[in-house]
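K.L.:
Structure, please.
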Amino acid sequence: MYMNINKQLLILAGLGALAVGYFAGHASVFNLQHSPAHIEAIAVKDFQEGYDTQAFRLFTNLAGKGDKTAAFYLGQMYEFGDGVAVDRQKAVKWLSVAANAGNSGAARQLGLLYLDGIAGVQDFAKARKWLLAAADTGDGTALRSLGDMNREGLGAPADPVTAYAYYSVAAIKGNGYGTTMRDKLASSLSADQQRKGQDKARSIQARIDAAQATAKPPAATTKNKTGAAAPSAKPGN
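P.N.:
Here you go, the predicted structure:
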């Protein structure tokens, strides 16, 4: 009996030591004993493993120092309520920081927020601006969303030919919704309109190719808990 009790105490002590070591490791992060890239890697790992509170603290610290990847994650955490209460205005704030720094995932998320108006501010001009920025990187969700905006005439007169073009490129990128909408819209277009749409699609694809040719090699990506593609620290249909 006593042996069992001692064994249980040893197990508890071991777990306690692990916990102390884990949080001590995070305390050292805040003492800046690691490089920013290492801290970012810890934050991403915490987020992916469900340690939202710790991840939120680390991302907040990093984003305040200008880390665009941290700002992207922080914006998504505010948007979806991971480790913090949902606050769409703060989501817009941090996604804007990341998007302005060139983070394409943040540009997509920001465009969708402005398009849907769920942040309390619906602004089709801003939605179009940020979705275009993300679309130029080949983001399938941004491409099909621009198809929707052109088809429905959101922020500009309806343009089914341009909508067809964006759906076509989204389909090339493997976006199922884009494929469905391209085929559905094709039935309402004349042969001449379809040819013009295909020409526009080639122009859009050429713009994407040119942007990718001049861009730095992309970092590896991983799916975060929201389902959006997020850059890993070594983000959709």
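K.L.:
was I right about Arg182 contacting Tyr167?
P.N.:
Yes. Contact criterion CB atoms under 8 Å: Arg182 and Tyr167 qualify, at 3.8 Å. In short, each C-beta sits where N, CA and C put it, glycine included.
K.L.:
shared neighbours of those two, which are they?
P.N.:
Counting by CB atoms under 8 Å, 6 or more residues apart in numbering, the shared contacts of Arg182 and Tyr167 are Gly147.
K.L.:
Let me see the contact set for Gly75.
P.N.:
So Gly75 contacts Lys90, Ala91, Val92, Lys93, Trp94, Leu95, Ser96, Val97, Ala98, Ala106, Gln109, Leu110 (CB under 8 Å, 6+ apart).
K.L.:
go with 7 Å
P.N.:
Listed by CB atoms under 7 Å, 6 or more residues apart in numbering, the contact set of Gly75 reads Ala91, Trp94, Leu95, Ala98, Ala106, Gln109.
K.L.:
Do a quick rundown of the strands in this structure.
P.N.:
221-223, 229-231 (DSSP state E).
K.L.:
Could you tell me the least trusted of those?
P.N.:
Mean pLDDT is lowest for strand 221-223 out of the strands of the chain, coming in at a mean of 38.
K.L.:
okay, and for this structure, where does confidence drop off?
P.N.:
For the chain, the stretches flagged by pLDDT under 70 are 1-33, 119, 216-237.
K.L.:
now the helices for it?
P.N.:
2-30, 36-48, 52-63, 68-80, 88-100, 104-116, 124-135, 140-152, 160-172, 176-186, 191-214 (DSSP state H).
K.L.:
Skip the chain neighbours and tell me the closest residue to Lys93.
P.N.:
Gly75 (7.4 Å; CB to CB, 6 or more residues apart in numbering).
K.L.:
Relative to Asp52, how far out is that neighbour?
P.N.:
According to CB to CB, to the nearest Å, Gly75 stands 14 Å off from Asp52.
K.L.:
ok, now Asp82?
P.N.:
Distance, Asp82 to Asp52, using CB to CB: 5 Å.
K.L.:
Which one's more surrounded, these two?
P.N.:
Asp82 (20 against 16; other CB atoms under 10 Å).
K.L.:
Pop out the phi and psi values for the more buried one.
P.N.:
Main-chain torsions, Asp82, degrees, to the nearest 10: phi -90, psi 110.
K.L.:
Against Ala133, how distant is it?
P.N.:
In terms of CB to CB, Asp82 sits 24 Å off from Ala133.
K.L.:
Ok, Asp209 next?
P.N.:
16 Å.
K.L.:
In terms of neighbours, single out the busier of those two.
P.N.:
Neighbours were counted for Asp209 and for Ala133 using other CB under 10 Å; Ala133 has more, 22 against 11.
K.L.:
Look at Arg182 and Tyr167 and report which has more neighbours.
P.N.:
With neighbours defined as other CB under 10 Å, Arg182 and Tyr167 compare such that Tyr167 has more, 30 against 25.
K.L.:
ok, that one - contacts?
P.N.:
Contacts of Tyr167 (CB under 7 Å, 6+ apart): Arg144, Gly147, Gly178, Met181, Arg182, Leu185.
K.L.:
follow-up on the earlier one: distance to Leu62 and neighbour count for the contacts of Gly75 - can I get that in JSON lines?
P.N.:
As requested, the contacts of Gly75 are exported to JSON lines (distance: CB to CB, whole Å; neighbours: other CB atoms under 10 Å):
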{"residue": "Ala91", "distance to Leu62": "17", "neighbour count": "23"}
{"residue": "Trp94", "distance to Leu62": "11", "neighbour count": "26"}
{"residue": "Leu95", "distance to Leu62": "15", "neighbour count": "30"}
{"residue": "Ala98", "distance to Leu62": "11", "neighbour count": "27"}
{"residue": "Ala106", "distance to Leu62": "14", "neighbour count": "31"}
{"residue": "Gln109", "distance to Leu62": "18", "neighbour count": "30"}
